[in-house]
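1. Have a look; sequence and predicted model below, questions after that.
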Amino acid sequence: MAQSGTEALGGRFAKLWAASTTSALGSGLAVVATPLLVASRTGNPLIVSAASGVAWLPWLLFALPGGVLVDRVDRRRLMIVVDWVRVAAMGGLAVALLTDTVSVALLYAVLFVVNTGEVVFRSASQAMIPAVVPRARLERANGWLLGGTTLMQQMLAGPLGGFLFVAAASIPFFVNAGTYAVSAVLIGLVAGVYRAAPRADSAAGPPRRAPSVRAEMAEGFRWLVRQRLLRTMAVLIGLLNVTLTAATAVLVLLAKERLHLGSVGYGLLFTSMALGGVLGSVVGDRLVGWVTATWMIRIGLVIEAAMHLALATSRSPYVIGFALFAFGVHGALWGIVASSLRQRLTPPDMLGRVGSTILFIAAGGNCFGALLGGVLANSFGLTAPYWVGFVVAVLVSAATWHVFDRPTVTQAYATPPHDTPLTPAP
C-alpha cells in the first residue's frame, strides 16, 4: 500500500494507520509464537489449548465495560496508556524468556493483560475514526485499517514469527513489545482531543450524578436493539461467526483427509483467504460506491453460503482455495461496510459502547463456534460443520434480505447523526 493513500485521508489518519499496522504485526508474531512456546514447555493438550482460552476470555469479560470506558475518557490517551501497559507486560515476558525464568502461569497472565488491552484499544480506535477522517471517506479509512491488519497478521507474521522463534524464543515477544511502543508514540503524535461530548438532551438541566457502568452498558445495548439496521448486522455477525469458526476449527482435518494436503498446503489455504482480504480492503471503498452497500451486504451473504457449500462438497484444493479467497474478499468488504455504517449511525458519545457490544457478540460467536465445530464433526462426520454453515447462511440471507433494502441503506449514508460530533483540537 502506498503512503499516498493514507495521506489522502489526512496526516492524523496516516499516523493512526501506521500505529495500527505496526501493532498488528507484533500481535501476529505473538499469536504464532505463543502456542510454540507452550508446546515447547509441555505436551499436555489441555494446557496448550488453555492458552487460546485465556486469550479469548477478556473479550467476553471486558468488551462491554471497556466500551463504557471508551465513551468516558479521551480515546487517544486511553490508547496510549493501553499500549504502554502492553509494552511492560510483553517486555516482562520476553525478559523472563531470555533469563529462563518464564512459567506457563506467567504466560497466561501476560496473555490476559495484553488481550484485555486489545479489547479496549480496538474499541477506542474504531470510535476515534469518525473524528479523524471526513464522513464521506469512512469506507476508505476502514479499508486501509483492515487491509494493513490483514497483511501484517495473516500474511507476514506467520512465517516471520516462526523464523524468529527458532532463532530465539524471546525475540518475537521483544519485537511485539517494540511494536506496541512504536504504536504508542505514533498515536501520541495525533493532534486533538477525542473525548465524546455529551448529547444536547443529556446536557440540559442541572448536573446529574454520573450513571453506573452497568447503566451505561445497558444504554448502549438498548440503543443498538432499537437501531434495526445495526441490530440485524450484529446478529448476523454473531451467527456467521459461529459457523465460520466451526468451519475453520476442523479445516486442518479437512485439508488432510479430503484434500490430501500437508502442512504447507494447509497454510496456503489461509494465505488464499488473506490475499482475498487484502484485495477487498484495497478496492473496497470503490466497490461500495459502484455496487452500493446494499448489494455488498447481500452478495456477501451469498458468498458466505457458497463457501460452506464448497467446503462440504469439493475435494479439490483449488476449488477450496478459490472459495476461501472469495470469502476473504467478502470478509473485507463486509468489515468495511459494517464499520462504516456503525460509525455513521451511532451517536458519537455512544460509539465505544455500541462498538464493544458488537465485539462482544462477535467474540461469543467465535467461542461457541470453536466448540461446535469439533462436536459436529465428531458426531456427524467431518463435513457436518460445513453443511450446518451452509444451511445457516441460506436461512439468515432469506430472513434479512429485505432489511438491507436500498432506501434504508441509502438513508443511513445520507443522513448525518443528530448528535454533537467529536471535534478534535487544531
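-> Happy to help now that I have it.
2. Output the below-cut-off pLDDT ranges for the protein.
-> Filtered on pLDDT under 70, the chain yields the residue ranges 1-7, 43-46, 49, 197-210, 263, 415-426.
3. so what are the domain limits for it?
-> Here the chain is described, according to automatic domain parsing, as comprising the domains 1-196, 212-416.
4. Serialize those domains to CSV and add fields for mean neighbour count.
-> Every C-beta, even on glycine, is put in place using the N, C-alpha and C of the backbone. Rendered in CSV, the data for these read as follows (neighbours: other CB atoms under 10 Å):
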stretch, mean neighbour count
domain 1-196, 20
domain 212-416, 19
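5. what separates the residue lying closest to R258 once chain neighbours are set aside from N241, distance-wise?
-> Closest residue in space to R258, ignoring its immediate chain neighbours: R315 at 5.4 Å, by CB to CB, 6 or more residues apart in numbering. Shown here: R315 relative to N241, a distance of 27 Å by CB to CB, to the nearest Å.
6. who's in contact with V68?
-> By CB atoms under 8 Å, 6 or more residues apart in numbering, the residues touching V68 are 213, 216-217, 220, 352-353, 356.
7. Between these, which sits nearest L16?
-> Nearest to L16 out of these is G352 (CB to CB; 16.0 Å).
8. Are there helices or strands packed against the helix or strand harbouring that closest one, and which ones?
-> With elements taken from DSSP states H and E, the one containing G352 is helix 351-380. Counting contacts by 3 or more CB pairs under 8 Å, 6 or more residues apart in numbering; DSSP states H and E, helix 351-380 is packed against helix 45-72, helix 104-132, helix 213-226, helix 228-249, helix 317-345, helix 384-400.
9. That helix vs helix 213-226, what angle?
-> With axes from the mean of the first three to the mean of the last three CA atoms, to 10 degrees applied, the angle from helix 351-380 to helix 213-226 works out at 70 degrees.
10. Helix 351-380: how far from the chain's middle?
-> 13 Å (CA atoms, centre = their mean, to the nearest Å).
11. would you list the helices and strands packed on helix 351-380 in a markdown table and tack on distance to T34?
-> Below are those laid out as a markdown table (distance: least, CB to CB, whole Å):
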| stretch | distance to T34 |
| --- | --- |
| helix 45-72 | 6 |
| helix 104-132 | 7 |
| helix 213-226 | 30 |
| helix 228-249 | 18 |
| helix 317-345 | 24 |
| helix 384-400 | 25 |
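12. Of all those, which one is nearest K256?
-> By CB to CB (comparing all of the helices and strands packed on helix 351-380), the closest turns out to be helix 317-345, at 11.4 Å.
13. Centre of the chain to that closest one, how far?
-> In this view, helix 317-345 has its centroid 12 Å away from the chain centroid, taken as CA atoms, centre = their mean.
14. So which elements touch that helix?
-> For helix 317-345, where contacts count as 3+ CB pairs under 8 Å, 6+ apart, the packed elements are helix 104-132, helix 138-150, helix 228-249, helix 263-291, helix 293-313, helix 351-380, helix 406-414.
15. Kindly format the C-alpha coordinates of the next helix or strand along the chain from the second one as CSV.
-> Beyond helix 138-150 in the direction of the C-terminus, DSSP H and E gives the next helix or strand as helix 157-167. These are the backbone C-alpha positions of helix 157-167, laid out as CSV (Å, rounded to 0.1, in the frame of the first residue of the first chain):
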residue,chain,number,x,y,z
ALA,A,157,3.5,-12.5,10.9
GLY,A,158,3.1,-16.3,10.3
PRO,A,159,6.4,-17.1,8.6
LEU,A,160,8.3,-14.3,10.3
GLY,A,161,7.1,-15.4,13.8
GLY,A,162,8.1,-19.0,13.2
PHE,A,163,11.6,-17.9,11.9
LEU,A,164,12.2,-15.6,14.9
PHE,A,165,11.1,-18.2,17.4
VAL,A,166,13.6,-20.7,16.0
ALA,A,167,16.3,-18.1,16.3
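16. now W17: how far from A141?
-> From W17 over to A141 the distance is 8 Å, taken as CB to CB.
17. which neighbours do the two share?
-> When contacts are counted by CB under 8 Å, 6+ apart, the set common to W17 and A141 consists of L9.
18. so G67 touches A218, yeah?
-> No: using CB atoms under 8 Å, G67 makes no contact with A218, being 11.6 Å away.
19. and Q153, what does it touch?
-> Residues counted as contacts of Q153 (CB under 8 Å, 6+ apart) are 24-25, 27-28, 31.
20. Would you confirm that G284 contacts G143?
-> Yes: the criterion here is CB under 8 Å, and G284 meets it with G143 at 4.0 Å.
21. Between those two, which contacts overlap?
-> Common neighbours of G284 and G143, using CB under 8 Å, 6+ apart, are 332, 336.
22. Now do the same for A196: helix, strand or coil?
-> Look at A196: counting by DSSP: H, G, I helix; E, B strand; the rest coil, its state is coil.
23. Excluding residues flanking it in the chain, which one is nearest it?
-> By the measure of CB to CB, 6+ apart, the closest residue to A196 outside its immediate chain neighbours is D349, 3.9 Å from it.
24. re earlier: so which of the helices and strands packed on helix 351-380 gets nearest G276?
-> When the helices and strands packed on helix 351-380 are ranked by proximity to G276, the top entry is helix 317-345, at 2.5 Å, counting by CB to CB.
25. And for I320, nearest residue in space, chain neighbours not counted?
-> The nearest residue in space to I320 (CB to CB, 6+ apart) is S314, at 5.8 Å.
26. Check L254 too.
-> Nearest one to L254, counting by CB to CB, 6+ apart, is L382 at 6.1 Å.
27. mind checking which of the helices and strands packed on helix 351-380 is nearest Y194?
-> Nearest to Y194, of all these, is helix 104-132, at 5.2 Å by CB to CB.
28. Brilliant, that's me finished.
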